[in-house]
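[1] here is my input; please provide its structure:
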Amino acid sequence: MQGTVDAFSYGLVTPVVAYLMASLGGALGLRCTTRSMLVAQSWRAGWLALGSAAIGSGIWTMHFVAMMGFTVKETPIHYDKATTFASLGVAIVMVGIGVFIVGHRGATGVALFTGGTITGLGIASMHYLGMAGMRLHGVLEYNTLTVAASVVIAVVAATAALWAAGQIRGFLWSIGASLVMGLAVSGMHYTGMAAVSVHLHGAAGSPGGDSPATLLAPMMIGPIVFLVLAGVVVLFDPMMVMGKPGRIVERKPGVPAHPQLVPTGMGRRPLSRSGPRAGHGGSRTTPQDW
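    Sure thing, here's the model as predicted:
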């Protein structure tokens, strides 16, 4: 017997909130990845780790906000706690691998392809591992072609997001990119959900695991609090908002050139394009806004 599946039991509430969560995580992650390309090597890993955790947390929160609206009419749905936690870990780790590749190698073709593929597969793995954590009186079945389409969407979305992070074109441009990323991730989720059908069996009683209200709502508090704290870090870093570097390090492919800053006593001054002594005979340049 086939179950009656409804992915929008709360109407537009869960899709809209899920989209906002994915966009928020994407915005923070992209800005942190951008920032990592403009700091000294010793600081880069920290920014990349923060960006990876932001993207992973945003995508995971998006998934389970959306799943709050997923019901099967004939059976209650519960979730296994260990598998649900594991899906969050998979999201952060695999997204982190992709982000670190682009953060250290620059937005080159090979790095984007490798990092985007790993990140996209991480997003898809998180989704289907989270689905595997569902407990109900039935068996989930998937349409292979639709699942493949959802994975392709995830990889393309991840690659586009990492490319956007490497372009460093300013805060508003990154916000626009994150909105597109949120739309793509949400599209991947609901494409994956369109592949699902439920074959019911005749078991009675409550399935194992915890109910969504008992498990998912408290679990989402942690990632949401983290996203808020990451947002505070971004807002209090002038470079993240204004796009003005405090210092520039090595040039990497895919990262536009900027005037280099050199120390002058207690502060720093930009080198002109004519050389360090251009202040005596030429015009001095200042760092441009991106």
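[2] which strands and helices lie in contact with the longest helix anywhere in the chain?
    For the chain, the helix that runs over the most residues, judged by DSSP state H, is helix 41-67. Secondary-structure packing of helix 41-67 (3 or more C-beta pairs under 8 Å, 6 or more residues apart in numbering; DSSP states H and E): helix 13-36, helix 81-105, helix 109-132, helix 171-194, helix 212-235. Every C-beta, even on glycine, is put in place using the N, C-alpha and C of the backbone.
[3] ok, now how distant is Gly122 from Gly116?
    Applying C-beta to C-beta, to the nearest Å, one obtains 11 Å for the distance of Gly122 from Gly116.
[4] looking at those two, which one has more neighbours?
    Gly122 (27 against 23; other C-beta atoms under 10 Å).
[5] report the contact partners of the more buried one.
    Counting by C-beta atoms under 8 Å, 6 or more residues apart in numbering, Gly122 touches Gly56, Val90, Ala91, Val93, Met94, Val95, Ile97, Gly98, Ala158.
[6] any figure for the gap between it and Ser9?
    Separation of Gly122 from Ser9 (C-beta to C-beta): 28 Å.
[7] please apply the same query to Arg35.
    40 Å.
[8] do the same with Thr61
    Going from Thr61 to Ser9 by C-beta to C-beta gives 19 Å.
[9] more neighbours, these two?
    Neighbour count, other C-beta under 10 Å: between Thr61 and Ser9, Thr61 has more, with 28 against 13.
[10] what residues are up against the more buried one?
    When contacts are counted by C-beta under 8 Å, 6+ apart, Thr61 is found next to Ala18, Met21, Ala22, Gly25, Met220, Pro223, Ile224, Leu227.
[11] 6 Å instead?
    Met21, Met220, Pro223 (C-beta atoms under 6 Å, 6 or more residues apart in numbering).
[12] tell me the one of these nearest Met188?
    Sorting the contacts of Thr61 by how near they are to Met188, with C-beta to C-beta, puts Met21 at the top with 14.0 Å.
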